[in-house]
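Peer 1: Here is a sequence together with a model predicted from it:
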Amino acid sequence: QVLLVESGGGLVQPGGSLTLSCLAYGFTFSTRAMNWFRQAPGVEREPVASIDRAGGKTNYTESVKGRFTISRDNSKSTVYLQMNNLVPEDTAVYYCHVRRSGEDYWGQGTQVSVSS
């Protein structure tokens with residue numbers, strides 16, 4: 001059974017930093033690209049960043065380029081999202097995602113709030 005467990009969210013001031021982690025269970029982690037999405041209140045869930053199986057190729061939505069970094073440690077079955085220079089518009093629930101055998105799997109989400 002696939003299980004994704006996010007952690008690391010919280011309340012931070014504008015300009016601050018947070019690192020999210022997602023620990024994966026139930027599949028061979030190193031064989032799957034991994035993704036981070038986010039959803040703000042009243043807004044559709046949107047992709048934030050993705051990373052390929054080996055960690056050599058990453059993609060970011062335009063609004064986070066230069067501020068967020070996605071990475072992974074296949075030995076720990078964990079994907080990370082380092083978020084720097086946070087702005088209030090980054091406030092959302094952040095979700096870890098993997099697609100496996102044609103199915104989409106999501107974590108429970110972790111809340112990130114950016115406010116002074």
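Peer 2: Right, received. Where do you want to start?
Peer 1: did I read that right, Arg72 in a helix?
Peer 2: No. Counting by DSSP: H, G, I helix; E, B strand; the rest coil, Arg72 is not found in a helix; it is strand.
Peer 1: burial count for it?
Peer 2: 23 (other Cβ atoms under 10 Å). In short, each C-beta sits where N, CA and C put it, glycine included.
Peer 1: Also the one 3 residues further on?
Peer 2: Using other Cβ under 10 Å, Ser75 has 8 other residues around it.
Peer 1: where does it land in three-state SS?
Peer 2: Assigned with three-state DSSP, Ser75 falls in the helix class.
Peer 1: and the nearest residue to Gln1 once chain neighbours are set aside, how far is that from Glu103?
Peer 2: Counting by Cβ to Cβ, 6 or more residues apart in numbering, Gln1 lies nearest to Gly26, which is 4.8 Å off, once chain neighbours are set aside. Gly26 sits 12 Å away from Glu103, taking Cβ to Cβ, to the nearest Å as the criterion.
Peer 1: Touching both of those two, which residues are there?
Peer 2: Residues within reach of Gly26 and of Glu103 at once, by Cβ atoms under 8 Å, 6 or more residues apart in numbering, are Val2.
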